[in-house]
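Any chance you can model this:
(one chain, ligands or ions: 1)
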Amino acid sequence: MSDILVHTEGGVSTLTINRVQRKNSLTADMYGQMADALAQAAADAQVRVVVIQGHETVFSAGNDIGDFLNTPPRSQDAPVFRFLRGISSFPKPLVAAVCGPAVGVGTTLLLHCDLVYAGDNAAFSTPFVNLGLCPEAASSLLMPQRMGHARAAEALLLGEPFSAESALEWGLINRIVPPTEANALAQQQARKLASKPLASLLETKRLMKMGSAAEVAQRMNQESEIFGRMLGEAAAKEAFTAFMDKRLPDFSKV
Ligand code: COA
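Below is the predicted model of the structure:
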């Protein structure tokens, strides 16, 4: 079975991250599939809303670390950056259901979703610094804006995880439910949206985002350039190798 499942019904296209045995970590191939699915959903007049969901035990452990080590993204056309541009500029409403760990891009992609429903087991984290990297998905801009600099600094500089309760208090998510109910709630809200006139949804989302769209795109490009360079540097290599070897990284020489 594919690692990304796409199911479209009643105007709602649902993307399910389906690689639970690897904690739904994302490979270049999976980013490519998600980028293609978003492009198709944007172009298809029958699709009014997209839902992104994982499993009730895990949303996503972020980028596949072996993939980072072996096939790092080499240009702005790399699938990961194509996916990030696609989700950040997606014109129709995006709904997410998130349960369990949401690491790295598992958290930052949510900054581009319009409605986010979380299981009470959701655990958000953006440990880019711990991996010798820098933020992506315009999270260096959007996290301080959404949660304040102090909280964003704990998340982005210290790499400290935060809970569903904190995410709700800080305005990053809409509601907390039992994990078994998160996907169903996201579907229910998506169906409500899909019953509304598409042109009104499109114009409203465009108006809500127009003040920040150019700045988000510019920041994402800047981050991608730095991220791409840092992937090849010694700190990231040590962090990835340590993860694969199941040991703590040693940054004393970098
Ligand atoms: N890339 C590649 N493999 C990953 C992965 C990732 N991002 N996250 C988990 N896996 C693999 C583990 O190596 C493990 O493989 P194994 O069965 O061969 O040992 C398997 O998935 C299960 O993961 P495990 O760590 O045992 O599960 P857990 O429930 O104890 O912890 C996480 C879950 C998500 C907290 C933990 O896996 C984790 O921290 N992953 C890395 C997150 C990360 O740094 N992502 C990059 C962000 S940019």
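
So A118 sits against S163, correct?
No - under the criterion of Cβ atoms under 8 Å, A118 is not in contact with S163, lying 9.3 Å apart. (C-beta placed from N, C-alpha, C; glycine too.)

Looking at the two, which is more packed in?
The neighbour count for A118 versus S163, taken as other Cβ atoms under 10 Å, is higher for A118 (31 against 15).

name the element that one belongs to?
strand 115-119 (DSSP states H and E).

mind saving the C-alpha coords of stretch 174-183 as CSV?
The C-alpha coordinates for stretch 174-183 follow below in CSV (Å, rounded to 0.1, in the frame of the first residue of the first chain):
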residue,chain,number,x,y,z
ASN,A,174,-8.8,24.7,17.1
ARG,A,175,-9.8,21.9,19.4
ILE,A,176,-8.6,18.9,21.4
VAL,A,177,-10.5,15.6,21.3
PRO,A,178,-9.7,12.0,22.1
PRO,A,179,-7.3,10.6,19.5
THR,A,180,-9.9,8.2,18.2
GLU,A,181,-12.1,11.2,17.3
ALA,A,182,-9.7,13.6,15.6
ASN,A,183,-9.8,12.2,12.1
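
buried set for that stretch?
174, 176-177, 179, 181-183 (16 or more other Cβ atoms under 10 Å).

go on, stretch 150-157?
Buried, per 16+ other Cβ under 10 Å, within stretch 150-157: 151-152, 155-156.

What is the nearest of those to A236?
L156 (16.0 Å; Cβ to Cβ).

for the closest one, what are its contacts?
Contact analysis of L156 by Cβ atoms under 8 Å, 6 or more residues apart in numbering lists 126, 128-129, 135, 139-140, 143.

Skipping adjacent residues, who's closest to whichever residue of the stretch 101-250 of the chain sits closest to the ligand in space?
Nearest residue of the stretch 101-250 of the chain to the ligand, counting by Cβ to the nearest ligand atom: G104, 2.8 Å away. Closest residue to G104 in three dimensions, ignoring its sequence neighbours and counting by Cβ to Cβ, 6 or more residues apart in numbering: G62, at 2.9 Å.
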